[in-house]
Every structure is written in structure tokens, then in C-alpha cells.
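Colleague: Return a 3D structure for these sequence lines:
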Amino acid sequence: MVSNFRRSLSYANPKDPKQTASISQKPTSSHIRSTSLPCRSHPLISQLKDNLIHLKSSWAAAGSKPDTAWLCDGLALLKTVHDYLDDILHLPQTQDSLRRNPDWIEKLLEDFLRFVDAYGIFQTLVFALKQEHSAAQVAVRKKDESKIEMYAKAMRKMEKEMSDLVSTVGCITRINSTNNFICNVDAELVEVILDVKDVTVLVSTVLFSGISSSLVSKKPSWIGLRLGSKGRVEEGIQEFKQVGTECCLWGLRKKGDEEVRMVLKRMSELEDCIVKIEIGSEKVFRSLINTRVSLLNVLT
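Modeller: Predicted coordinates for the structure are as follows:
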């Protein structure tokens with residue numbers, strides 16, 4: 001058996017107003033793992049479906065809140081979805097059902113390995129971004145435009161690496177494998193796993209492409225965030241674009257002290273946003289590892 005990261009249960013939080021309605025309709029449970037058959041009435045399945053619906057609906061309205069808070073909310077929901085899936089994968093009869101289809105499990109393991117690799121690389125890039133951003137703030141205080149040019153070059157390189165991550169998750173396609181399953185319970189289980197994979201691709205694409213398009217300014221000002229046909233962000237994240245254009249890191253020597261203070265204030269706010277994204281994506285990264293380990297344990 002491969003060990004998972006330790007974490008708390010993924011049952012709905014009764015203090016969360018978004019989940020209060022669904023909780024009030026379901027009986028509470030005091031055990032950690034259920035041995036019930038994962039059918040339509042199973043609370044884990046129904047709660048996972050509720051979270052999938054919530055995530056899809058909130059991200060369908062992407063243009064209404066194109067900022068870091070909206071992005072972090074999506075990451076938090078994605079983590080919750082994977083926590084529920086991990087719990088479902090620990091159900092004995094879920095494992096028995098999936099073991100009858102080892103080829104499909106192998107395909108899932110490959111897809112989740114791509115997710116894990118992508119988020120591992122993303123964590124490294126975000127850490128580098130924090131370092132570059134801290135150095136840029138020092139350069140702004142000193143009005144050192146040569147260091148700002150180095151910062152711009154680093155952002156162009158990072159933009160390409162973020163774009164590569166978009167391509168990586170874009171290769172993870174949905175394959176309908178329900179025909180390989182022989183009963184309705186199995187078909188429902190496959191469908192919910194495929195839905196989890198779909199929303200993981202969606203959120204990951206928006207995360208990677210949103211930051212990628214924000215790192216290098218291609219327009220004179222930020223004009224909003226739009227999702228393309230495949231969920232790719234065509235503009236950028238609000239706080240990133242504000243620092244890249246509105247704060248105008250160029251021409252520092254001509255700026256007065258008040259203008260420099262305003263630039264530094266915006267950069268400090270962006271630093272806080274980067275940290276929040278780093279924390280949220282790291283939690284998703286760990287949940288993805290847990291999900292893949294649980295799938296691997298199904299085979300072993």
C-alpha cells in the first residue's frame with residue numbers, strides 16, 4: 001500500500017452557508033469510512049456531485065469576478081472535489097468495482113500523473129515568481145531600471161513555461177469508458193470520476209493560462225478576463241495586470257516619490273495574491289497526489 005498525505009475528512013462543513021442546505025437534507029455520520037455500496041443515495045456520491053455542480057456553475061460566470069479571490073475559491077472547491085473522490089475510492093466495493101477494469105485504471109493513473117507533474121512544476125514556478133517579484137520591489141525603491149529589465153526578461157521566460165503547462169493539461173482528454181462497465185452503479189461511478197477529471201482540466205487551464213497571460217503585457221491596459229472555447233484565459237488576472245500596466249514599472253526615474261509609493265503598494269498587494277495562489281495550488285497538488293495514490297492502491 002502507498003501512503004496518502006494525512007488530512008481531515010472532506011465531509012461538508014456545517015458552518016459553510018453554501019453547503020448548509022445540502023447538509024440539512026442528509027443524515028450525519030460519525031464514522032470515517034463507509035463500507036456501503038456507492039450508489040446514488042450514498043452521501044459521498046451526492047456531496048461530490050453537489051460540489052461539481054457548484055464548481056462548474058461558479059466558473060461558468062468567470063467574467064464576473066476575474067481576480068485572485070475568485071481563482072483561489074476555484075482552487076479550494078477543486079481540492080474539496082478531490083477529497084470527496086479520495087474518500088469514495090476508499091470504499092471497499094468501489095475498489096472491487098474498479099479492479100474489474102484495470103486498463104481504465106491505468107489510463108486514469110497516467111492522467112493524474114500529468115496533473116501531479118503539472119502542479120509540481122507550477123509550485124516551482126510560483127516560488128521563482130515570488131523571488132523575482134521581491135527583487136523587483138527592491139529595484140523600484142532604488143529606481144534601478146536595469147533590474148526592472150531583468151525582471152521583465154524573467155517574466156517573459158516564465159510566461160512560456162506557464163504556457164507549456166496549459167498544453168500539458170490540455171492533452172488530458174475525456175474518454176467515455178462506461179461501455180466497459182456492466183452495471184448502473186459502475187457506470188455512475190465512472191461518470192463522476194470523469195467529471196472530476198474534466199473540472200480539474202478546466203480549473204488548471206484557467207489557473208495556468210490566466211497567470212501566463214498576465215506576466216507579459218501585450219496590451220496598454222487591462223481590459224478583463226475572458227475564457228476561450230477550451231477554458232483558456234485570453235487576458236489575465238486583475239491584480240497581475242494592474243502591476244504590469246497601470247503601475248507602469250517603466251520610467252521610474254521620472255516618477256515622484258508618491259508615484260513610487262503607489263507602485264510599491266500595488267506590488268505588495270500582488271505579492272499577497274501570489275502567496276494565496278501558492279497556498280491554494282499546493283493544497284490541490286497534495287489532493288491530486290492522494291487521489292492518484294488511492295487509484296494506485298486499487299490495483300495493489
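Colleague: And the pLDDT at the residue nearest to H133 when sequence neighbours are not counted?
Modeller: Leaving aside its sequence neighbours, H133 sits nearest to E271 (C-beta to C-beta, 6 or more residues apart in numbering; 5.8 Å). Placement of C-beta: from N, CA and C, glycine included. For E271, the model assigns a pLDDT of 92.
Colleague: so how far is K130 from E271?
Modeller: According to C-beta to C-beta, to the nearest Å, E271 and K130 sit 7 Å apart.
Colleague: Which one's more surrounded, the two?
Modeller: E271 (18 against 14; other C-beta atoms under 10 Å).
Colleague: Pull the contacting residues for Y151.
Modeller: For Y151, the contacting residues are 132-133, 135-136, 139, 249, by C-beta atoms under 8 Å, 6 or more residues apart in numbering.
Colleague: In helices only, show me these.
Modeller: 132-133, 135-136, 139 (DSSP state H).
Colleague: ok, and the most crowded of the residues you listed?
Modeller: A136 (24 neighbours).
Colleague: Quickly find the element holding the spatially closest residue to that residue that is not a sequence neighbour.
Modeller: Counting by C-beta to C-beta, 6+ apart, A136 lies nearest to Y151, which is 4.2 Å off, once chain neighbours are set aside. Y151 is located in helix 145-170, with elements delineated by DSSP states H and E.
Colleague: Could you look up the next helix or strand downstream of that helix?
Modeller: helix 184-215.
Colleague: Any buried residues in that next one, and which?
Modeller: 185-186, 188-190, 192-193, 195-215 (16 or more other C-beta atoms under 10 Å).
Colleague: Could you give the number of residues near L78?
Modeller: 26.
Colleague: which ones are touching it?
Modeller: By C-beta under 8 Å, 6+ apart, the neighbours of L78 are 55, 199-200, 203, 284, 287.
Colleague: Tell me, please, where in the stretch 51-200 of the chain the pLDDT is lower than the cut-off.
Modeller: 60-66, 174-185 (pLDDT under 70).
Colleague: Apply 50 and report the result again.
Modeller: 64, 177-178, 182, 184 (pLDDT under 50).
Colleague: one step back: of the contacts of L78, closest to L44?
Modeller: S287 (15.2 Å; C-beta to C-beta).
Colleague: list the contacts for the closest one?
Modeller: Residues in contact with S287, defined by C-beta under 8 Å, 6+ apart, are 7, 78-79, 82-83, 86.
Colleague: mind listing what S214 touches?
Modeller: When contacts are taken as C-beta under 8 Å, 6+ apart, S214 is in contact with 236-237, 240-241, 244.
Colleague: again, 6 Å this time
Modeller: S214 makes contact with 236-237, 240-241 under the criterion C-beta atoms under 6 Å, 6 or more residues apart in numbering.
Colleague: Is it possible to get CSV of those residues that adds distance to C72, pLDDT and neighbour count?
Modeller: Formatted as CSV, those follow (distance: C-beta to C-beta, whole Å; pLDDT from 0 to 100; neighbours: other C-beta atoms under 10 Å):
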residue, distance to C72, pLDDT, neighbour count
G236, 16, 72, 28
I237, 11, 83, 25
F240, 14, 80, 25
K241, 17, 73, 24
